[in-house]
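[1] model this:
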Amino acid sequence: MKKILIFLVLTFSLVVLLSCNGKTPAPGTKARVGTWKTAQTIQPFLYEKYLADQYQVEVLPFTNPGDQKAALLAGSLDMCGSTVALALTAASKGEPVVAVCGLCNKCSALVVRKDSEIHKPSDLKGKKIAYVPGTMHHVLLLEVLRRAGLDPEKDVHLTRVDFFDMGQALSQGAVDAFLSGEPYPSLAVVNGYGRILAYPYYGEDIGTINAVMITTRDKIKNNRRLIQQLVNAHAMATEQLKSHPEEWLNLASRFGTDRKVLDIAVGNMELAWDLNKEYVQRAKNLAKRMNELGMISQMPDVDALFDLSFVEEARKNMGK
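    Below you'll find the predicted structure:
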């Protein structure tokens with residue numbers, strides 16, 4: 001009996017030691033993070049390098065932000081990427097999402113065929129334009145048309161086309177233009193069938209905001225330390241890649257996008273992590289436009305959507 005007792009004590013001690021050495025993650029130290037496999041959303045793939053020793057992360061790639069958000073709300077993810085437009089839509093529906101740090105800015109472009117006679121946005125009158133409803137690019141397209149004096153319901157033909165198919169639709173003449181995110185605009189240029197008509201950013205209103213990292217209120221309440229560790233890692237990964245662009249683009253090319261495409265796209269991509277009151281105000285401007293356009297039925301509480309405390313702590317962690 002005494003030998004059995006000693007064996008059990010030694011076995012328990014071994015399990016504890018393995019846990020402390022990171023072999024078996026302690027509760028609340030293993031994270032699951034969602035993102036896209038694109039150059040502008042690459043940071044989560046570098047988190048492991050910057051996390052404290054007791055934390056681990058599993059990065060799951062998605063093809064669209066809606067699926068990421070659904071997985072987050074279902075409890076399958078601890079944090080994930082989201083366009084600001086999608087986060088605002090979720091908040092307007094009362095979904096408990098919280099933006100805790102930035103992800104990327106810019107990354108959008110309005111593209112026409114290379115041989116097209118369209119040289120300014122007003123030339124789009126009567127043309128067929130590919131778009132994906134409810135996205136950040138949809139908002140920007142409607143803003144481009146509004147500023148060009150074009151009615152999206154009367155003056156142009158908006159055609160729903162998946163982002164992956166826009167290039168083919170343009171090259172085959174099925175559409176006259178598309179507004180999409182990188183790398184598709186730059187891919188159209190490299191492959192010789194497309195030309196950038198405009199980068200749809202308006203500094204005095206919505207600006208260049210694009211995507212953020214989101215979590216849920218329950219995640220913050222129940223495991224704030226883990227979320228803070230992820231934001232810290234995100235900030236450090238972002239700063240590393242911004243200060244070493246060659247490393248960034250080389251890593252991004254492993255996702256399958258040719259380096260020549262990334263070399264063109266890089267001027268239209270901005271990695272991000274920080275959030276501030278100005279960013280929140282731009283998000284409010286975006287929410288107002290989405291409400292006016294009928295993309296959301298009511299205004300969300302934008303101040304409640306953004307929790308700036310995580311980036312404030314990340315600044316202290318990096319001595320900024």
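
[2] in the chain, which spans are strands?
    30-36, 56-62, 79-83, 97-106, 108-113, 128-131, 157-160, 177-181, 194-198, 209-216, 269-271 (DSSP state E).

[3] Could you dump the ones you listed into CSV and include mean pLDDT, distance to Leu170 and mean neighbour count?
    All C-beta atoms are positioned from the backbone trio N, CA, C, and that covers glycine. Shown next, in CSV, are the strands of the chain (pLDDT from 0 to 100; distance: least, CB to CB, whole Å; neighbours: other CB atoms under 10 Å):
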stretch, mean pLDDT, distance to Leu170, mean neighbour count
strand 30-36, 97, 22, 22
strand 56-62, 97, 25, 16
strand 79-83, 97, 22, 26
strand 97-106, 98, 21, 25
strand 108-113, 97, 6, 24
strand 128-131, 97, 7, 22
strand 157-160, 97, 11, 14
strand 177-181, 97, 6, 28
strand 194-198, 97, 6, 19
strand 209-216, 97, 22, 26
strand 269-271, 98, 21, 21
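
[4] Any chance of CSV for the ones you listed, columns distance to Lys260?
    As requested, these are exported to CSV (distance: least, CB to CB, whole Å):
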stretch, distance to Lys260
strand 30-36, 21
strand 56-62, 23
strand 79-83, 25
strand 97-106, 19
strand 108-113, 16
strand 128-131, 23
strand 157-160, 29
strand 177-181, 18
strand 194-198, 14
strand 209-216, 23
strand 269-271, 15
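
[5] Okay, angle between the longest helix anywhere in the chain and strand 56-62 too, please.
    Using DSSP state H, we find that the single longest helix of the chain is helix 217-243. With axes from the mean of the first three to the mean of the last three CA atoms, to 10 degrees defining the directions, helix 217-243 sits at 80 degrees from strand 56-62.

[6] before we move on, back to that, out of the strands of the chain, the one nearest Ala235 is which?
    The closest of the strands of the chain to Ala235 is strand 97-106. By CB to CB, the value is 6.8 Å.

[7] Low-confidence ranges, the stretch 1-150 of the chain, go.
    The model of the stretch 1-150 of the chain has pLDDT under 70 over residues 1-25, 27.

[8] can you map out the helices along it?
    2-20, 47-50, 65-73, 84-92, 136-147 (DSSP state H, counting those that start in this stretch).

[9] looking just at contacts, which helices and strands does the fourth one meet?
    Read that as helix 84-92. helix 65-73, strand 97-106, helix 136-147, strand 209-216, helix 277-292, helix 302-305 (3 or more CB pairs under 8 Å, 6 or more residues apart in numbering; DSSP states H and E).

[10] Repeat the analysis, applying 6 Å as the threshold.
    Packing partners of helix 84-92 (3 or more CB pairs under 6 Å, 6 or more residues apart in numbering; DSSP states H and E): strand 97-106, strand 209-216.

[11] what packs against the longest one?
    Contacting strand 97-106 under the criterion 3+ CB pairs under 6 Å, 6+ apart are the following elements: helix 84-92, strand 209-216, helix 217-243, strand 269-271.

[12] Distance to Phe164 for those - can I get that in TSV?
    Formatted as TSV, these follow (distance: least, CB to CB, whole Å):
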stretch	distance to Phe164
helix 84-92	18
strand 209-216	18
helix 217-243	25
strand 269-271	18
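
[13] and those, which is most packed in?
    strand 209-216 (a mean of 26; mean count of other CB atoms under 10 Å).

[14] measure Met295 to Leu275 for me?
    22 Å (CB to CB, to the nearest Å).

[15] Compare neighbour counts for the two and give me the winner.
    Leu275 (24 against 20; other CB atoms under 10 Å).

[16] and that one, what is it in contact with?
    The contact partners of Leu275, by CB atoms under 6 Å, 6 or more residues apart in numbering, come to Gly102, Leu308, Val311.

[17] So Ala235 is in contact with Trp273, correct?
    Yes - contact criterion CB atoms under 6 Å: Ala235 and Trp273 qualify, at 4.3 Å.

[18] ok, Thr35 - contacts?
    So Thr35 contacts Thr41, Pro44, Gly81 (CB under 6 Å, 6+ apart).

[19] So the last one versus Leu72, what's the distance?
    It refers to Gly81. For Gly81 relative to Leu72 (CB to CB), the value is 10 Å.

[20] Check Val175 too.
    Val175 is 33 Å from Leu72, by CB to CB.

[21] next one: Thr83
    Distance of Thr83 to Leu72, given as CB to CB: 14 Å.

[22] okay, the angle between the longest helix of the chain and helix 65-73?
    Interaxial angle, helix 217-243 versus helix 65-73 (the same axes, to 10 degrees): 130 degrees.

[23] elements contacting helix 217-243?
    Counting by 3+ CB pairs under 6 Å, 6+ apart, helix 217-243 packs on helix 47-50, strand 97-106, strand 269-271, helix 309-317.

[24] got a list of what the residue nearest to the spatial centre of the chain touches?
    Centroid check for the chain by CA atoms, centre = their mean gives Ala211 as the closest residue, at 3.8 Å. Applying CB under 6 Å, 6+ apart to Ala211 gives the contacts Gly81, Thr83, Leu103, Cys104.
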